[in-house]
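Student: The following block contains a protein sequence and its predicted model.
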Amino acid sequence: MKVGYYPGCSLEASARNYELSIERVFHLLDMELVEPTGWTCCGSSSGHSIDADFSLALAGRNLTLASRDKLDLVVPCALCYNRLKHAQKAFEEGEIGTDKQGPETKVHIQDIASFLSSKEVLDRIRSRVTDALKGKKVITYYGCQVDRPPKVTGSKEYENPKSMDVLVEALGAEVVDWSFKTSCCGGGLAVARRDIVLALVGKLFKKMALTGAEIVAVSCQMCQANLDMYQKELLSQGVITRFIPILYITDLICLALGDREVAQYIGMNMVDAPGLLRNMGIAI
Amino acid sequence: MNEVFLAPAAGLSVKEIEEESGIPISRCYQCLKCSNGCPVTYFMDYLPHEVIRSVQLGLYDELLHSSTMWVCSTCATCATRCPNGIDVTGFMDFLKNKILSSNIEPKQKEVAAFHQAFMDEIKRHGRINEFVMMAHFSRKRGGLWKRFMDGELKADMKLGLEMFRKGRLKPIPKKASGAAEVKEMFKRRRVKK
């Protein structure tokens, strides 16, 4: 099975571990990733902050490329996903100012968790899953950009998304429910206003601590970075009392399928995630 | 008894702003759902519902000198929950775009400098190389000496080094194959005043 794939810029560097983990899952499930030829940046949150119209053109360009290559798109980065969906809506409403030339065919854009939890892929996962994660308490954190605003994303369960919950359950782990699945982590503000991100992330950890969760599952690399990078600092400030591994949903799939290679990618986290998993009795 | 009426201030009218932004500001009846759901109100000078109310009262010009839209994380909770279909998140973009195109000094200079550094990097290489973009931002944001003295620079460099060691930073940018086309798009970009 060939799958159109728009990785986005950060998966080439700061979230390289996400890309490796995605490639691994696709390999394990006998699926092939195909990128649109010549894709470029979607504009991200800086694009629309500086020039909202132009940012639609930046994102839209990639839809044109995907349509030319006859690809639908699975998108891991929540921001890219959000911007591509914005561009698609604008094309449909004829609102893109700078570059009118749009995609000839409608590109089906899916965030990676929705794709992986679709029936066809879920069946593949279910047929190969081991009991590596059995009984582990996994909390799912979706962040903002995959589901909101629903007028753009088309999400139906935007206040309580389920795609990762379905996956975690299929992997044999226990899903921990909480009310902060889609609360913001601060995203890109981490660079210029670290204080804001620390406050938001601190709040998330405090709520998480009340649930007894052992592992956090995410599908957005901005969420991953913000939750993973500041744990040392939050520990020294007394906001958290212990480290918690922040894993990509794809990391969890690899682990549940009994794969050992994913250990190196999990080891690229800032917190010693492999060590924490080993302490929980997970073979890694 | 003297009655006091709040007279609309001078500046752009609600109607003019609605037309330009395409956002129906006048529908707002101040239910406060936007501000109650917003995760960053603590860092704002005007709360989201106050931003909308200010426009209704003709105080648009004052908003351009506030912090609110710069600390907005674009999480879109406000736009999602507004019972009147007002795209509050989109309006934050509208304000940021206006400030930058009218050469007004942004209240949160560092945030604006980050966005600019990010766009410059798209223009240059078509894709974002985070290392180059961060170096560019570091120059743009200024206050290097103060950040050095505060130890902030050292902490940043330590984090950068760890990321590099883990294979998560690429110091040498690679031009994306679509970079030339993106550069062309930047040339054709018309900035609305």
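Tutor: All right, it came through fine. This one's a predicted model, so the numbers in the text were calculated from it and none came from an experiment.

Student: excluding its backbone neighbours, what's nearest the residue most central in space within chain B?
Tutor: Central residue of chain B (Cα atoms, centre = their mean): B:W70, 4.1 Å from the mean position. Using Cβ to Cβ, 6 or more residues apart in numbering or on different chains and skipping residues adjacent in sequence, the residue nearest B:W70 is B:Q108, 3.4 Å away. C-betas here are computed from N, CA, C, even on glycine.

Student: and the longest helix for chain B?
Tutor: Looking across chain B with DSSP state H, the single longest helix is helix B:109-125.

Student: export that one as CSV, just CAs?
Tutor: What follows is helix B:109-125, C-alpha atoms only, in CSV (Å, rounded to 0.1, in the frame of the first residue of the first chain):
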residue,chain,number,x,y,z
LYS,B,109,8.9,42.5,19.8
GLU,B,110,10.5,39.1,20.4
VAL,B,111,7.4,37.2,19.2
ALA,B,112,7.2,39.4,16.1
ALA,B,113,10.9,38.9,15.4
PHE,B,114,10.5,35.2,15.7
HIS,B,115,7.8,35.1,13.1
GLN,B,116,9.9,37.3,10.8
ALA,B,117,12.9,35.1,11.2
PHE,B,118,10.8,32.1,10.4
MET,B,119,9.4,33.7,7.2
ASP,B,120,12.9,34.8,6.1
GLU,B,121,14.0,31.2,6.4
ILE,B,122,11.1,30.0,4.2
LYS,B,123,12.0,32.7,1.6
ARG,B,124,15.6,31.6,1.6
HIS,B,125,15.4,27.9,1.6
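
Student: So what's the residue count around B:K175?
Tutor: Neighbours of B:K175 under the rule other Cβ atoms under 10 Å in any protein chain shown: 13.

Student: which element is it on?
Tutor: Per DSSP states H and E: B:K175 is located in neither a helix nor a strand.

Student: I'd guessed it sits against B:H125; true?
Tutor: Yes: counting by Cβ atoms under 8 Å, B:K175 touches B:H125, with 5.3 Å between them.

Student: Show me which parts of the helix or strand where A:D53 lies are buried, residue by residue.
Tutor: Element membership of A:D53, judged by DSSP H and E, is helix A:52-68. By neighbour count with 16 or more other Cβ atoms under 10 Å in any protein chain shown, helix A:52-68 contains the buried residues A:52-67.

Student: that older thread, residues making contact with the helix or strand that the residue nearest to the centre of chain B is a member of?
Tutor: In the assignment (DSSP H and E), B:W70 maps to helix B:68-71. Under the contact criterion Cβ atoms under 8 Å, 6 or more residues apart in numbering or on different chains, helix B:68-71 has outside partners A:189, A:193, A:196, B:40, B:43-48, B:51, B:63, B:92-93, B:95-96, B:99, B:106-108, B:111-112.

Student: go with 7 Å
Tutor: Residues from elsewhere that reach helix B:68-71 (Cβ atoms under 7 Å, 6 or more residues apart in numbering or on different chains): A:193, A:196, B:40, B:43-46, B:51, B:92, B:95-96, B:106-108, B:111-112.

Student: Now list the buried members of these.
Tutor: Buried among the contacts of helix B:68-71 by 16+ other Cβ under 10 Å: A:193, A:196, B:40, B:43-44, B:46, B:51, B:92, B:95-96, B:106-108, B:111-112.

Student: I'd like to know which of those are part of helices.
Tutor: Among those, the residues falling in helices (DSSP H) are A:I196, B:V51, B:M92, B:L95, B:K96, B:V111, B:A112.

Student: Closest to B:L59 out of these?
Tutor: Set against B:L59, the nearest of these by Cβ to Cβ is B:V51 (9.7 Å).

Student: I'd like to know how far that closest one sits from chain A.
Tutor: Distance of B:V51 to chain A, given as Cβ to the nearest Cβ, to the nearest Å: 16 Å.

Student: That residue and B:L63 touch, don't they?
Tutor: Yes: B:V51 sits in contact with B:L63 when judged by Cβ atoms under 7 Å, with a separation of 6.1 Å.

Student: which outside residues touch the longest helix of chain B?
Tutor: Identification of contacts with helix B:109-125 by Cβ under 7 Å, 6+ apart yields A:41, A:43-44, A:46-47, A:49-50, A:58, A:191-193, B:70, B:100, B:106, B:128-129, B:132-133, B:136-137, B:140-141, B:173, B:175-176, B:179, B:182-183, B:186.

Student: ok so, going back, wondering if the helix or strand just after the helix holding A:D53 reaches chain B at all.
Tutor: Sequence-wise, the next helix or strand downstream of helix A:52-68 (DSSP H and E) is strand A:73-75. No: Strand A:73-75 stays clear of chain B (Cβ under 7 Å from any Cβ of the partner chain), getting no nearer than 14.9 Å.

Student: Past strand A:73-75, which element shows up next along the chain?
Tutor: Counting by DSSP H and E, the element after strand A:73-75 in chain order, helix or strand, is helix A:78-93.

Student: that older thread, so what does the helix holding A:D53 touch, helix or strand wise?
Tutor: helix A:44-50, helix A:78-93 (3 or more Cβ pairs under 7 Å, 6 or more residues apart in numbering or on different chains; DSSP states H and E).

Student: Give me whichever of the ones you listed is most buried.
Tutor: Ranked by mean neighbour count under mean count of other Cβ atoms under 10 Å in any protein chain shown, the helices and strands packed on helix A:52-68 are led by helix A:44-50, which reaches a mean of 25.

Student: chain center to that one: distance?
Tutor: Distance of helix A:44-50 from the chain centroid (Cα atoms, centre = their mean, to the nearest Å) equals 19 Å.

Student: what is the mean pLDDT for it?
Tutor: Averaged across helix A:44-50, pLDDT comes to 96.

Student: and the helix or strand of chain B with the lowest mean pLDDT with chain A, contact?
Tutor: When the helices and strands of chain B are scored by mean pLDDT, DSSP states H and E, helix B:144-149 comes last with a mean of 80. No: using Cβ under 7 Å from any Cβ, we find that helix B:144-149 stays clear of chain A, coming within 11.7 Å at best.

Student: can you list contacts of that helix?
Tutor: With contact meaning Cβ under 7 Å, 6+ apart, helix B:144-149 is reached by B:L153.

Student: quick one: the helix or strand following it to chain centroid distance?
Tutor: Next along the chain after helix B:144-149, taking DSSP H and E as the criterion, comes helix B:152-165. Distance of helix B:152-165 from the chain centroid (Cα atoms, centre = their mean) equals 26 Å.

Student: In helix B:152-165, which residues are buried?
Tutor: Buried residues in helix B:152-165, defined by neighbour count with 16+ other Cβ under 10 Å: B:L153, B:G160, B:M163.

Student: what about B:V40, distance to A:K70?
Tutor: For B:V40, the distance to A:K70 equals 41 Å [Cβ to Cβ, to the nearest Å].

Student: oh, I was asking about A:T250
Tutor: Relative to A:K70, and taking Cβ to Cβ, A:T250 is found at 25 Å.

Student: Now do the domain split for the chain, please.
Tutor: Reading this off chain A. Taking automatic domain parsing as the criterion, chain A consists of the domains A:2-113, A:129-279.

Student: wait, chain B
Tutor: Taken from automatic domain parsing, chain B resolves into B:14-101, B:109-188.
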